[in-house]
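*Asks:* Let me see the structure of the following:
(chains A, B, C and D)
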There are 4 protein chains.
Amino acid sequence: MSLKTREDYFNSLRRLNSRLFMFGEQVEDVVDHPIVRPAANSVAATYELAQRPEYGDLLTASSHLTGERINRFTHIHRSRDDLIKKIRMLRLLGQKTATCFQRCAGMDALNTTSAVTFEIDREFGTDYHQRFNAFLSYVQKEDLVCSAAMTDPKGDRRLTPSQQKNLDSYLRVVDETANGIVVRGAKMHITGALDAHEIIVLPTRAMRPEDRDYAVACAIPSDSKGISYVYGRQSCDTRKLAGGEIAVGNPGFGGQEALIVFDDVFVPWERVFMRGEHQFCSRVVELFGAYHRSSYGGCKSGVGDVLIGAAALVADYQGTSGAAHIRDKLVEMTHLNETLYACGVACSAEGYELPSGGYLVNQLLANVCKLHVGRFPFEMIRLAQDIAGGLVVTLPSERDYKHPELSRLLQGYLQGVPEIATESRVRILRLLENMTLGTGAVGYLTESLHGAGSPQAQRIMIEREANLEHKKQLARNIARIGQ
Amino acid sequence: MSLKTREDYFNSLRRLNSRLFMFGEQVEDVVDHPIVRPAANSVAATYELAQRPEYGDLLTASSHLTGERINRFTHIHRSRDDLIKKIRMLRLLGQKTATCFQRCAGMDALNTTSAVTFEIDREFGTDYHQRFNAFLSYVQKEDLVCSAAMTDPKGDRRLTPSQQKNLDSYLRVVDETANGIVVRGAKMHITGALDAHEIIVLPTRAMRPEDRDYAVACAIPSDSKGISYVYGRQSCDTRKLAGGEIAVGNPGFGGQEALIVFDDVFVPWERVFMRGEHQFCSRVVELFGAYHRSSYGGCKSGVGDVLIGAAALVADYQGTSGAAHIRDKLVEMTHLNETLYACGVACSAEGYELPSGGYLVNQLLANVCKLHVGRFPFEMIRLAQDIAGGLVVTLPSERDYKHPELSRLLQGYLQGVPEIATESRVRILRLLENMTLGTGAVGYLTESLHGAGSPQAQRIMIEREANLEHKKQLARNIARIGQ
Amino acid sequence: MSLKTREDYFNSLRRLNSRLFMFGEQVEDVVDHPIVRPAANSVAATYELAQRPEYGDLLTASSHLTGERINRFTHIHRSRDDLIKKIRMLRLLGQKTATCFQRCAGMDALNTTSAVTFEIDREFGTDYHQRFNAFLSYVQKEDLVCSAAMTDPKGDRRLTPSQQKNLDSYLRVVDETANGIVVRGAKMHITGALDAHEIIVLPTRAMRPEDRDYAVACAIPSDSKGISYVYGRQSCDTRKLAGGEIAVGNPGFGGQEALIVFDDVFVPWERVFMRGEHQFCSRVVELFGAYHRSSYGGCKSGVGDVLIGAAALVADYQGTSGAAHIRDKLVEMTHLNETLYACGVACSAEGYELPSGGYLVNQLLANVCKLHVGRFPFEMIRLAQDIAGGLVVTLPSERDYKHPELSRLLQGYLQGVPEIATESRVRILRLLENMTLGTGAVGYLTESLHGAGSPQAQRIMIEREANLEHKKQLARNIARIGQ
Amino acid sequence: MSLKTREDYFNSLRRLNSRLFMFGEQVEDVVDHPIVRPAANSVAATYELAQRPEYGDLLTASSHLTGERINRFTHIHRSRDDLIKKIRMLRLLGQKTATCFQRCAGMDALNTTSAVTFEIDREFGTDYHQRFNAFLSYVQKEDLVCSAAMTDPKGDRRLTPSQQKNLDSYLRVVDETANGIVVRGAKMHITGALDAHEIIVLPTRAMRPEDRDYAVACAIPSDSKGISYVYGRQSCDTRKLAGGEIAVGNPGFGGQEALIVFDDVFVPWERVFMRGEHQFCSRVVELFGAYHRSSYGGCKSGVGDVLIGAAALVADYQGTSGAAHIRDKLVEMTHLNETLYACGVACSAEGYELPSGGYLVNQLLANVCKLHVGRFPFEMIRLAQDIAGGLVVTLPSERDYKHPELSRLLQGYLQGVPEIATESRVRILRLLENMTLGTGAVGYLTESLHGAGSPQAQRIMIEREANLEHKKQLARNIARIGQ
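*Replies:* Okay, here's the model as predicted:
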């Protein structure tokens, strides 16, 4: 039994010696820092729920390598049913955390690397897949969290990696020995970077022969020598420093991104999964994109469930939940939210087996899924704020509300329907602030846009997968036009 | 082997003695009337494709009653896989006909009646399910087409059936004998009415005890005594009378609705599946709604494929297919169209077994599916017309184009890129007219709105299925609000 | 007093000797042909209303050439107030006809030509403006209708006029003498072509020096030698041939487009307003685009008023007008419709004086106006059909409804609320069919997309007029970024 | 000359003795508090620009009481031209501050009170209008800022003021003497409360006879005895406490709302403008709504200009500004933004004179304007974030960027195109964060939804102003339906 507990997880994080910079200073006791901790809590939920019998079918799977019961986040999908369960698992976790829980990107990176190493080996006779499986066994056995380090800084977007003025604008191999390689560069927006045991480095775009040194995939322990993290600031992040649980809106959970600097980091060969096979970089992007874009149909619909629930509650608390327009807005939010989930399920139900034996989602539908994810949450937060009213941005601070002189006045003036405690209303308004403007919005809005590739990347894939020639032929048949 | 051929089907229609009124006259040789024939052709495609090996898995199934190979349109779904195959079958047929092919409503009515008769029997100890299965065996064995006669005229929408001034505003039982019942009333918008062998009558709304006589379900041969049809006019319908295949846009296929008058029609008891059990009327509506709303995710995405193909072709023919904005519009059309399909697949993949042993789609997602179906096609025809240009509504008539004096001039002035015959461009523009304004638009737009219930009906179901209380609890957990 | 009556107008049309082809035959008595007549009726409304005192302020103006009271459709706008009154006049006419009334394009062409001839003269010392004013005086005095012949066939869109394989893909000068020029080619989608006394020919795009012969503007009597018209087929056009006024939905009025063939037509110099000054072709397009795009804010909001009214009536007739979702849909339709009008008014209120003394609308806002016009009507017909229900496409024909045997039955089954005659409900449903799928939809939907230039043309102008550099500087100032 | 300078304004604020609570403590030196100061800076811009000759026509007007040159924010509009200039002035200020500048609500309250006092006097023979004019003269002469205190806490939304359990849920008169009245209660979300010299109290909803004591309007010096302010927390507000100008995004300007507590505040009769005339409360709401909803067409389009500029800049800085999809998104943003402005201009151009001699905007169009303001900014921030990329939420802090060890690395990794300083890119990304998630988003998103009434309030007004009966008659005329 490879499943670790929540406590195991925190202990393992505390053993890491990661080098984190935040607000201009290096942080000690990373995992217990009040800004970092909520993010770790979200990841911890993936351990905790896996222990609970009622979620066992969703949160765990049987390793195709060992047959052991493993956390599904470390699993290589072997069937359509696996793909669908993944979506349901992610929705569940979105519901429990109301934020990004940061462990999907690693899962999607594992599945991508599993498939692509197999395909590279088939083409070039290399042994990457075997190396990868050894690494995977370790991850499954120790129930580890991996981050997916994919997005490079990119510098001037008009230029390819090797054309950049700053050659480190994309991560690259700067040295190679008998024992391994040395990589230099940075990876940006790395979700859950500080909560991961391993970094899986993958290329971020198609490469050409001259970009050969940029065609690199590997796994690196997250506190390796040469690795530094710079914390990505989030809207309202410092509220977590002020103590108290009301002001932050979501006191338990959070998401987190960091910039990772790779300052000449050594990687032994057994952890290198691609080194120069530039022909397969676009395949990495395509597979990771498909897996990760489908994942969003699960996690974001789970977060959306909380948003809908919060909007419904605030209407209850204010006495407006019977109004036709309020009910209609909740219906519209539900409609949009379920569409995300439906697309996640559909691309899974239409999944297929890869040469490696892993299962991939339908790529067209996975991209359709993600394109909606980049649209609907923005409409949903608009509707949620519409239902909530202006207080979501004008509420006095928690401390005013507890000030001796003000307390009685505010208690009365902030009360909605008499049967609900004013504090409950305040808490739900702060949660709505968190999800629509605050730390929660970082994940629910902006990450929904750009995670797993920006909308234009999905449009390009949709065009590629649309099979327009087939559709043209259908139209010719109907209109009776000969070829 | 119960599968009939296309020719069998036409012969069986010719043996019917249906009483059809159109443009103020009774029509002889109904099936060969130029306005009716394209609709029959669409239904015939469901026979023809079932004969083709490559489509056998989609178009046929194994009867749960007899184990015989039957047309899937007469099948009671027994698994999630059945539900998904139904969606794929419908998409295929939409692609082949570019219109409503009219056989789904009957299939969805069979599945609904199968489930509800079982549930009524369980409650009241009746034997409806056995009667229904006998009828179903006959339908499967003879490979028959059923229409679903559900929507009543409704009169004043503010009143229930028994409150109406005109008591026939909803179909009802006006007499009952030892042998059977006599029904009177009308059913409106009946898709494929003239192409069906059997009419399945179902109640259209929830009923109360005083509406008991309106709570009736039964099967009636389509040319029974007392049955008359009044043809529902369609935009551009009379173009089919003018001969020539260009002007109609879609020369092969069409859809069709009729008003059915039931002028005291006798129904023997063995064909009566509900008689007075008003408590189950809402269940009928709910189940038929769920089945039929999911069906739209298949058929309309198939029709949408043709629309996308036609738009892509017209761009090719005019030399604009390389423009970024044209490509982007095709991507957007694809995105919207695949969303319909994804929702149809998802509600199937999340289906579940009913007490009767049949399988039902996830109702929440089925309603989400249909709500999109009432929106996206309108945006898709806007994009298609945008790509096509104004000629879609200003093209000279086919006969002008063949006029001796004009022919040479129009040939030149209507030419797009030199390598494409002008007539091909004309044909595809007429197909676009058909699908965006003409007979095709009737099914693609208006029926997409109102078939299987209007958008508000879906919103009511979404509200009912949204489980807001669960979502509120999720939000309370996150905000740490005690109950 | 130059204002002619409705009767004068019809008489003048009857004196024309236009050569019209329709359905493969040449038409005699063009104006009284049942397909053409409703279009003439719409134009006639511009004469009739000008006679009515209550509309005098909107429908007439004082000529800047003579000070005479003239029809505003022949007026050169001399103030912002003129521009705003134009919008109001167009909305009024849309309300009275529920269709395109076809006289705006000529008005907008007159204003464009007035401005550009002045500017060409200023640049090249020509005397076009004086020629134009002589022509304009004649138009004003005789109260004539002009069509604007702008859009060329264009052939292969990837090529410029002189690059086309078919050199007649754009209209051009093929001969020039001391007395005038000879033009050859065709103009497409010409609104109101058969209801006009004069054709104003204008170039349709920017031209280069090698396209010099395509840079031509002139005025041509509509029944000149060498001119032929080919009728542009409309959805449901032949219903007008069947007699009866119910089936057509809008029995009084219609719009109309035709293809005009110019088979070596002679134009005397005094009617030539541009001949080779290719530098000013883009100016023509820009000015005509601005004027005509703003016009749509008036006419289409007027048509939209009728659509909203029809939707509100059908709800009354069916007993649904009290439902919250129906009321909300009417509000949404009103919101969208008024936005079109608001943009029309705003670009007028922000208008400015041109060198010629005429007034031009604000171009940015005029393009914003038209871009909405290409979107909102599609959403409005969706909402209208949603309110109306499926009968809008399944209603039996007028003649069935009058059939002796069926009449009584249909009268009952098609009745909505008891206090409204069934025929009223039928009429309003047919009007909705007309406006959403039939002849009315041609103008309300497709022409809204493509008239005055397709959406992409508006986007190009919006980009050009957006003044991004100014906005960037605003952002730099706020972010305190030095240049 | 009544125009005060920016310095005058700050000095006058410093003389106020306002009682502000923030984060549980009372604040000294309110105006210079780092959280409050940016809001005061925004108001100060209304003084500063009024001094600049190039803006004199927009920022100043001639008092209708004295003929003196006054700041337009204290002016009673006397013409359509005044109304249009108001919109332009607001757009200008939005461009200069990128936030809410807080002085419009007072202007709109002055105009409302001017009109309604006149109408009450006409009905009841009172002398409110004269009292109001005396107060207005003082405001104009001293160039004062007024806040508009309208929104009450409202308690349980299902109940009227006098039905509430907490009778102070709406502000009311608790005592009345020969000298004046005493009011108790609170007003919420009061924009610019801490930057105002005077509070104009107005009722927030229609009242019934039993709510008579809640029907009160008056003016109160902002630091009166009994007045307390509680600061409304904003997303990211405490970043302003950390020093440095980069992290805040918009270092110069901000908006601000506060809750005002009226703890038995005395108001002398000469400052009371309504006392019990409950019949006129809905008139107040309607007029203030119309004025203020139109104002949003100006200010928010000005803020939108900055957002568009910032998005265009970030594309320049990253090398993506040539991509077709980026250009298209900027066009779409411009299209949406100009629509807001167009609606603001249009309702002004269609304004009309009130009985008091003041001018009111067209109410239908003003509500259309505001309804768009509650939609489009949410789409605009989505597009802006789409263009900007994920860095907008993952950027390291300003201090990391200046950390000795990290500086060189981050300088390189955060650089976009080589010709732009990394800091410029960082600044513009922080501005985008500010406007889409931070303090700027409070005004640009949430206030756009709820300021001047929430969307449903606009829909109710649109329904009321839509004149559906007129539109139904238009439809009847077209369909030839007799009454």
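*Asks:* Tell me the spacing between whichever residue of chain A sits closest to chain C and chain B.
*Replies:* Nearest residue of chain A to chain C: residue A:324, at 3.8 Å (C-beta to the nearest C-beta). The way it works is simple: take the backbone N, C-alpha and C, and place the C-beta from them, glycine included. Separation of residue A:324 from chain B (C-beta to the nearest C-beta, to the nearest Å): 11 Å.
*Asks:* List the contacts of the nearest residue to that residue once chain neighbours are set aside.
*Replies:* Closest residue to residue A:324 apart from its sequence neighbours, by C-beta to C-beta, 6 or more residues apart in numbering or on different chains: residue C:324 at 3.8 Å. Listed by C-beta atoms under 8 Å, 6 or more residues apart in numbering or on different chains, the contact partners of residue C:324 are A:324-325, A:328.
*Asks:* With pLDDT and secondary structure as extra columns, can I get those in TSV?
*Replies:* Shown next, in TSV, are the contacts of residue C:324 (pLDDT from 0 to 100; DSSP: H, G, I helix; E, B strand; the rest coil):
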residue	pLDDT	secondary structure
A:324	97	helix
A:325	98	helix
A:328	98	helix
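*Asks:* And these, which is closest to residue B:178?
*Replies:* residue A:324 (49.6 Å; C-beta to C-beta).
*Asks:* got the buried residues for the helix or strand harbouring residue A:266?
*Replies:* Here residue A:266 sits within strand A:257-268, counting by DSSP states H and E. Buried residues in strand A:257-268, defined by neighbour count with 16 or more other C-beta atoms under 10 Å in any protein chain shown: A:257-262, A:265-267.
*Asks:* List, out of those, those positioned next to chain B.
*Replies:* Near chain B, taking C-beta under 8 Å from any C-beta of the partner chain as the test, no member of the buried residues of strand A:257-268 is found.
*Asks:* And the furthest pair within these?
*Replies:* Checking those with C-beta to C-beta, the most distant pair is A:257 and A:266, at 25.2 Å.
*Asks:* Find the residue closest to residue A:337 in space, skipping its chain neighbours.
*Replies:* Nearest to residue A:337 is residue A:304, by C-beta to C-beta, 6+ apart, at 3.7 Å.
*Asks:* That neighbour looks like it's in a helix, true?
*Replies:* Yes: under DSSP: H, G, I helix; E, B strand; the rest coil, residue A:304 falls within a helix.
*Asks:* what's near enough to touch it?
*Replies:* Residue A:304 sits in contact with A:94, A:333, A:336-337, A:340, A:377, A:380, where contact means C-beta under 8 Å, 6+ apart.
*Asks:* swap in residue A:98?
*Replies:* Contacts of residue A:98 by C-beta under 8 Å, 6+ apart are A:250, A:253, A:303, A:306-307, A:431, A:434-435, A:440, B:474-475, B:478.
*Asks:* my read: residue A:26 touches residue A:33, true?
*Replies:* No: the criterion here is C-beta atoms under 8 Å, and residue A:26 misses it with residue A:33 at 11.2 Å.
*Asks:* more neighbours, those two?
*Replies:* The residue with more neighbours, out of residue A:26 and residue A:33, is residue A:33; 18 against 14, by other C-beta atoms under 10 Å in any protein chain shown.
*Asks:* Quick one: residues contacting the more buried one.
*Replies:* A:22, A:27.
*Asks:* Can you give me the pLDDT of it?
*Replies:* With respect to pLDDT, residue A:33 scores 96.
*Asks:* How about the one 3 residues further on?
*Replies:* In this model, residue A:36 is scored at 95, pLDDT.
*Asks:* What's the separation between it and chain D?
*Replies:* Residue A:36 is 14 Å from chain D, by C-beta to the nearest C-beta.
*Asks:* how close does that residue get to residue D:456?
*Replies:* Computed as C-beta to C-beta, to the nearest Å, the residue A:36 to residue D:456 distance reads 41 Å.
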